[in-house]
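K.L.:
got a predicted model here, sequence first, then my questions.
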6 protein chains.
Amino acid sequence: MEERICYFNGEYIKESEGKIHISDWALWEGGVYEVARTYDGVPFKLKEHIDRLFNSLRCLPFIKFGLTPEEVTDITLEVLKRNEKYLGPADDCRIIYGVTRGMFFGDPPTGPTFYIYTVPLAAGYKRMAKWYQEGTHMLVVSTRAIPPQCLDAKIKHTNRLCNDLADYEAKRVDPEAFALMLDINGFVTECPRANFFMVKDSKLFTSRLTSCLAGITRQTVLELARELKIESSETDLCVYDLYNADEIMITGTSYAIIPVSRFNGRVMPTPIPGAITGQLQSAFSKKAHYDIVQRVLDYVQTKD
Amino acid sequence: MEERICYFNGEYIKESEGKIHISDWALWEGGVYEVARTYDGVPFKLKEHIDRLFNSLRCLPFIKFGLTPEEVTDITLEVLKRNEKYLGPADDCRIIYGVTRGMFFGDPPTGPTFYIYTVPLAAGYKRMAKWYQEGTHMLVVSTRAIPPQCLDAKIKHTNRLCNDLADYEAKRVDPEAFALMLDINGFVTECPRANFFMVKDSKLFTSRLTSCLAGITRQTVLELARELKIESSETDLCVYDLYNADEIMITGTSYAIIPVSRFNGRVMPTPIPGAITGQLQSAFSKKAHYDIVQRVLDYVQTKD
Amino acid sequence: MEERICYFNGEYIKESEGKIHISDWALWEGGVYEVARTYDGVPFKLKEHIDRLFNSLRCLPFIKFGLTPEEVTDITLEVLKRNEKYLGPADDCRIIYGVTRGMFFGDPPTGPTFYIYTVPLAAGYKRMAKWYQEGTHMLVVSTRAIPPQCLDAKIKHTNRLCNDLADYEAKRVDPEAFALMLDINGFVTECPRANFFMVKDSKLFTSRLTSCLAGITRQTVLELARELKIESSETDLCVYDLYNADEIMITGTSYAIIPVSRFNGRVMPTPIPGAITGQLQSAFSKKAHYDIVQRVLDYVQTKD
Amino acid sequence: MEERICYFNGEYIKESEGKIHISDWALWEGGVYEVARTYDGVPFKLKEHIDRLFNSLRCLPFIKFGLTPEEVTDITLEVLKRNEKYLGPADDCRIIYGVTRGMFFGDPPTGPTFYIYTVPLAAGYKRMAKWYQEGTHMLVVSTRAIPPQCLDAKIKHTNRLCNDLADYEAKRVDPEAFALMLDINGFVTECPRANFFMVKDSKLFTSRLTSCLAGITRQTVLELARELKIESSETDLCVYDLYNADEIMITGTSYAIIPVSRFNGRVMPTPIPGAITGQLQSAFSKKAHYDIVQRVLDYVQTKD
Amino acid sequence: MEERICYFNGEYIKESEGKIHISDWALWEGGVYEVARTYDGVPFKLKEHIDRLFNSLRCLPFIKFGLTPEEVTDITLEVLKRNEKYLGPADDCRIIYGVTRGMFFGDPPTGPTFYIYTVPLAAGYKRMAKWYQEGTHMLVVSTRAIPPQCLDAKIKHTNRLCNDLADYEAKRVDPEAFALMLDINGFVTECPRANFFMVKDSKLFTSRLTSCLAGITRQTVLELARELKIESSETDLCVYDLYNADEIMITGTSYAIIPVSRFNGRVMPTPIPGAITGQLQSAFSKKAHYDIVQRVLDYVQTKD
Amino acid sequence: MEERICYFNGEYIKESEGKIHISDWALWEGGVYEVARTYDGVPFKLKEHIDRLFNSLRCLPFIKFGLTPEEVTDITLEVLKRNEKYLGPADDCRIIYGVTRGMFFGDPPTGPTFYIYTVPLAAGYKRMAKWYQEGTHMLVVSTRAIPPQCLDAKIKHTNRLCNDLADYEAKRVDPEAFALMLDINGFVTECPRANFFMVKDSKLFTSRLTSCLAGITRQTVLELARELKIESSETDLCVYDLYNADEIMITGTSYAIIPVSRFNGRVMPTPIPGAITGQLQSAFSKKAHYDIVQRVLDYVQTKD
């Protein structure tokens, strides 16, 4: 069976051969990564994702990354093209980037390790469909987000064991739950690999970027809110605010916007998706030229 | 040319083939690692290192590591045996362990990724010799250590980009300098991959384990101090204390104990190694049955 | 002499018999409460007060409170009706609610304890009249407000011994003073059972809701400011800002808005009420259909 | 059926009549309490408990408590005597004290509210027996302990809704679990109404008194450790330390010392009670002239 | 040679005789100061500077300063007039104020010490010219800004050794660099004696006034931005934001606005002055009736 | 009348001429100082004081102080000798040192400003006598101590406006009170220009050196405690601990040890000086060859 192609340090190779050596810096200190996706084969907000990759790298000046955003764009498109044929019908893929400092030992130091690979999305559509239809459960956990003076969460780095700890805590309570991490002052930050929004009195709220990733979907939702004349605010939110929210949603690149049906065990006051969640899902679909909910539901139904 | 052997997920393979896939958890969230070393071919405090590996793993219960400490010990010894012939005369090696959660995608999840490899030490003896003879420069940097409620520094994890940031800051001032990180309260923690000690009025001080790794060398030094009747204290230290120290030393697995000759630009008040630093180096050498300073100097002289 | 009626766990009983048992949860851990008031017998913003009671309860999910907001409204009106005859002419009353978890011991657990009672206001009009006419003294104290990650001040809970400590500190300096508590970062929060506003360059400021109660009067003042086209801001304020304020006022349910004539010993630069304080008092009176200042002064004069 | 007697503001009355009015300060801001117990009818460390009550009151100088420790002791003994006959065979009781500031409204202020009542222990022996035999589960929760600059946890106050929040979080995971709260720096503090100890390498550790109650049982355990020549340390502990502990135990007045069999889901490495836990239980029993484990097991067996 | 005149405690004396006694409070605890400047001999925003001096004093009520803002204005103008003749052609001067509590010893206490003196600016034009033309280097340092609950940075006090520490750190890396201090939460505050602005996507950002001085130039830039319809925001900024800024500038009374050409070693993406920096410099020049850049360049060229 | 001599930048001049210029760094950023005293004309612990001056300077490496400790000692003795004749009978003096960075403007920079002067103590004996006999009042204030990562309190710097703020707060309550400052975590630090000790159960406690000056008297008291076999501990203390202390004392160079008779309004439980306070005063007197209490009382009695 043929297999997908990835880009690895200048070459297009079989994905199963995309491997980094065990003495790569990634396995000592970590590196940066980035995740974009396609909708019907077209990368969504690719420029924003590649810009964010460069933003991350700029804060880690010890990584000597020689490429330009244009070159990374070209490679991305080439990777997509080479993998087109391996995508099933109605499937899309994540585009995953990784950059590390290179080899830990050795003099002179090697250049950085850089790779791009793709992961089909449809394998996860069943789980996504459930989220879209039934909503998810969001649970506050004990693990706190790393403060910016230690390592800024706006850098999309791979130093995220706290994500796993948070996830582990939440899943002890409910195997389907998303963990919500607070910062060291007790303000809400983000879920592992996802931002969140809440609605109160028809106004949209999300946390400030002081201790969370500047999600591209998060940014898109803020833009859509402006277009839809929904007042929005990035502010310090407390657990109190989420307990008393009218709607809560989780945003991420793979699924865009999924509604939360329970917060810390409390069932949300209105059926999901709430009015504004629904509006944002529709507006997002329009922007992506892809019905983010229906297409997944259709796909899953076909497979059943 | 033949090459070194590493252990990788149950197999003994060529080190150049010791590679983790680009969709390993390590490249999303990180994992744990461990570094021991041999003295004249004999692993030093191997039990303590393997215990610490298990201590780290215990705090990350989402990593399902199936082996016992005894099994890891056996594999270690086998790896050492297989690589014996590749070590040059008078050379020793680091023993490096890595454990990650396994593959990020895929259902069911794969088991963990686990590897052990060795890195000869002699390639670094020239730099070490300079440290032993001339001491190093220690510089306080802006980057702060991650607090334990986010991710405990006592876990020997690979989420250490802050190490690189700290190192980058210090090396801007002096390319030979070690960075010293403070915690978010302003107390001294550790250097990237190294602990430290200071001496004041013949008493030994090091930071508490609240925001730094429980270094095996650090622990050994504390034990040696007890044997040598040197009073020692683990406490919250400030930059003030280091400015006014009589001696400062840096401890790490590879080089054991190296003296600091300048702190934040200030030349230490006595020639290096200071009296207690020297005593501890000797006692360490006795414990390791290996003169940690002289052997390196001899090696370097031979090569010149 | 007849006495007032209170509601207690489903019954309308004499107020003197409204008592909770000494092994109620309230005397172990605390509970929540709420305070509204009438103006000329009509409850003011009753819906907002009852909503806030439910907001508080939602954050304490271990209290199993079975009633709906509508039921609580009905009980409130019934309590008011039953107590009408006990109110003196021109008097109004506070409406006080309490909810606790029930009995601490016992298996199965009892349901919650819930009560509503009223307290006439006129007994305090003399003190209020003095505040309206002469202003109050506001003093910064040492006791800090509890951070939201421990217990959110937006919950109107009965865990407020810090209020008493703050009050005690302020009254040591001036028996008439209101204490102003800072949060643990040094930002201004609130007074015991009262919010505050300050005016600088004709702009209105109050603290953010990160460490203070979301006072209904506070919210009303913010709404009035919008109607009066007074620019307002909820932000992190420092003691510096209050020292340099043009006007300061204190807001609470019982007295609505009272001017501060001295801050930390400094006499305010303009006579009280300042221009904006006066405007807000008038606008509030209009909204409540009750002249909050004059009615109290009239009442007191009548009694003298 | 006759009922137990309690002390309430100077009188010995039926316990069911021991009630505080709904406008007591306790229901606005809170008060202080204290819990002691008897062993075979004899109060254990009564002096220490009454001293701690006075320590608590001293920090809340706005409570004007007029009695002396001697008077409180006398009342305690009287209460015990009057309730003797209501205790079943082999039963003991808790002695519970409460002090509040008095009535919230009213001029002049009333004096304080002060009560003492007893609660038989045997009703809880079945649950205790299970704890002694099977150990408990300890779980780290999201809610943080209140810092001392807001309200010192060493005051045994009734401002403990955070206890309920913590407990609620833990019981979501395991209905039998004890919650473990961290302080705002991420250090371990205490469980709701209980302290804890851990053992590592035959040394006993507990948290510092910076954010937890100075439990009398905690203090007794520290004294027993000194007598037993077990090295002990009060220090800043992290979740890491508990994950890697050899034994963990929970201490409280009612049950003295119970072993923890699981921490955050991890099964402790040795059967419970661990060696030092067992030693401390025995020593405690000797000090109390009462076998704290066996007596409870015997009682339960008799009842089955 | 004649010399400049200063004002000292009510007298106009030779500047060399402007001295405070070694037992002045300034040498025990510190005092406040203020710096204004002239443009073509006319003081710029003098009212704002004198207002800020009084704002500072208001927060330090133990300094009994008897003068009014009007009196200070009159003295300022008199000092300027008396020193006019000592200014070279095309030169301007700083106007420096100092107020201390008076003598530390002595009973009764003396009144405050108050002085005003001038310092010609042209001596620094060469350095300024370089900054205008080549930009400066901004470097994040380890020293943190003092939190407002200790001593508010909005008070223009002389307790600024942390400035010197920060400056020392930066100049170790680059003798021309400006230090950038973070607050204890890791948010960007200010440079020693200077504020900063950054531009991202044509929007202007500066830090909030929680831990930095309310610079008059900073305030002027915010006003100019409003006039120029440049969107601006005072917010919590992180090092990440500055790494990814399009433009950075430093603002201070002496030089108004200077561009930053390198941040933490990273060369800014566009030539200096960036588009918005240039616009603001022009607008500032118009407001000051003085071309802040060109006049300095002209002066320097003339002197070469 | 003749006047005292001071040392100023290399010269011995009349004290009234000891003045620093208004553009000295001290009036921009601050400097360091030091205070010693004589007992019967003999400087007490002079070496320790001069060592501490050098410790302070070492942390402020931008001050280029050229002298050695021996030179400073010699100058001290010379200053004392020259001022001997101006001291009244039975009087002693403080020895005050100041070091600043030099002139703020000017190129090349001037060297540092350095001065030593003396202040007779007897003028303050009346106040001291009252403290010794009646004890003082200690009051917790709102102003927090500066954290070490901003400016270490162990440096005896002149950045101490927070001292004045604290003092002002305390004296609002009681004009005779000493202010007690907490650190930003709420732990007790020190009083303005004084350390403190408390006694509980015959054990001596003082705060850790994390946020307070390493007072020489504090150090002497710790040494005396060791000699007297009084157990002592440097630890994080809370307001709770002081409320429940058996004795409290304040230590400073001028008066050595004075008892506290009231803490936050609470009268201490035993007459002053408490048993251990008295013991320490006696032991201190023996060490200083001067009865610190009686000599002052005698002096005052003579003068009355």
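P.N.:
Here it is on my side, so go on.
K.L.:
and stretch A:125-141 with chain D, contact?
P.N.:
Yes. Judged by CB under 8 Å from any CB of the partner chain, stretch A:125-141 comes into contact with chain D at A:140-141. Bear in mind the C-beta positions are built from the backbone N, C-alpha and C, glycine included.
K.L.:
okay, that stretch in PDB with CA atoms only?
P.N.:
The C-alpha trace of stretch A:125-141 is given here as PDB (Å, rounded to 0.1, in the frame of the first residue of the first chain):
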ATOM      1  CA  TYR A 125     -15.400  12.800  12.300                       C
ATOM      2  CA  LYS A 126     -17.400  10.400  14.400                       C
ATOM      3  CA  ARG A 127     -16.100  11.900  17.600                       C
ATOM      4  CA  MET A 128     -16.600  15.400  16.200                       C
ATOM      5  CA  ALA A 129     -20.100  14.600  15.100                       C
ATOM      6  CA  LYS A 130     -20.900  13.700  18.700                       C
ATOM      7  CA  TRP A 131     -19.500  17.000  19.900                       C
ATOM      8  CA  TYR A 132     -21.400  19.000  17.400                       C
ATOM      9  CA  GLN A 133     -24.700  17.200  18.300                       C
ATOM     10  CA  GLU A 134     -24.400  16.600  22.000                       C
ATOM     11  CA  GLY A 135     -21.900  19.200  23.000                       C
ATOM     12  CA  THR A 136     -18.900  18.600  25.300                       C
ATOM     13  CA  HIS A 137     -18.300  18.700  29.000                       C
ATOM     14  CA  MET A 138     -15.800  21.300  30.300                       C
ATOM     15  CA  LEU A 139     -14.100  20.800  33.600                       C
ATOM     16  CA  VAL A 140     -11.800  23.100  35.600                       C
ATOM     17  CA  VAL A 141      -8.600  21.300  36.700                       C
END
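K.L.:
quick one: distance of it to the chain centre.
P.N.:
In terms of CA atoms, centre = their mean, to the nearest Å, the centre of stretch A:125-141 is set 15 Å apart from its chain centre.
K.L.:
which outside residues touch it?
P.N.:
A:165-166, A:169-170, A:173-174, A:176-182, A:191, A:196, A:239, A:242, A:248, A:250, A:254-255, A:258-265, A:268, A:272-273, A:293, A:296-297, A:299-300, A:303, D:142 (CB atoms under 8 Å, 6 or more residues apart in numbering or on different chains).
K.L.:
and that stretch, what's buried?
P.N.:
For stretch A:125-141, a neighbour-count test (16 or more other CB atoms under 10 Å in any protein chain shown) marks A:125, A:128-129, A:131-133, A:135-141 as buried.
K.L.:
from those, which land in strands?
P.N.:
A:136-141 (DSSP state E).
K.L.:
in stretch A:40-52, which residues are buried?
P.N.:
For stretch A:40-52, a neighbour-count test (16+ other CB under 10 Å) marks A:43-46, A:49-52 as buried.
K.L.:
no wait, stretch A:246-265
P.N.:
Residues of stretch A:246-265 classed as buried: A:246-264 (neighbour count, 16+ other CB under 10 Å).
K.L.:
is chain B contacted by it?
P.N.:
No. Under the criterion of CB under 8 Å from any CB, stretch A:246-265 makes no contact with chain B; the nearest approach is 11.3 Å.
K.L.:
quick one: mean pLDDT for that stretch?
P.N.:
Model confidence over stretch A:246-265, given as mean pLDDT, is 98.
K.L.:
and the stretch 51-200 of chain A, which residues reach chain C?
P.N.:
Proximity of the stretch 51-200 of chain A to chain C, by CB under 8 Å from any CB, involves residues A:182, A:185-187.
K.L.:
most neighbours, which of those?
P.N.:
The most neighbours of any of those, using other CB atoms under 10 Å in any protein chain shown, belong to A:Leu182, which has 26 neighbours.
K.L.:
would you map the strands across the stretch 101-250 of chain A?
P.N.:
A:113-120, A:136-144, A:178-182, A:188-190, A:195-200, A:203-207, A:232-235, A:247-252 (DSSP state E, counting those that start in this stretch).
K.L.:
the fifth one pairs with which strands, parallel or anti?
P.N.:
The reference is to strand A:195-200. Paired neighbours of strand A:195-200 in the sheet (DSSP bridges): strand A:203-207 (antiparallel), strand A:247-252 (antiparallel).
K.L.:
got any ranges where chain A has weak pLDDT?
P.N.:
Across chain A, the ranges flagged by pLDDT under 70 are A:1, A:107.
K.L.:
recalculate using a threshold of 90.
P.N.:
Within chain A, the ranges that satisfy pLDDT under 90 run A:1-2, A:88-89, A:105-111, A:211, A:302-304.
K.L.:
what count of nearby residues applies to the closest residue to A:Met198 other than its chain neighbours?
P.N.:
Nearest residue to A:Met198, sequence neighbours excluded (CB to CB, 6 or more residues apart in numbering or on different chains): A:Ala245, at 4.0 Å. The number of residues packed around A:Ala245, counting by other CB under 10 Å, is 24.
K.L.:
give the contact list for A:Lys14.
P.N.:
By CB under 8 Å, 6+ apart, the neighbours of A:Lys14 are A:3-6.
K.L.:
wait, which of the residues you listed is closest to chain C?
P.N.:
Distance to chain C across those (CB to the nearest CB) is lowest for A:Cys6, with 42.5 Å.
K.L.:
specify the beta-bridge partners of that closest one.
P.N.:
A:Ile13.
K.L.:
and it, how far from A:Ile116?
P.N.:
In this view, A:Cys6 and A:Ile116 are 6 Å apart by CB to CB, to the nearest Å.
K.L.:
anything in contact with each of these two?
P.N.:
Overlap of the contact sets of A:Cys6 and A:Ile116 (by CB under 8 Å, 6+ apart) consists of A:Val79.
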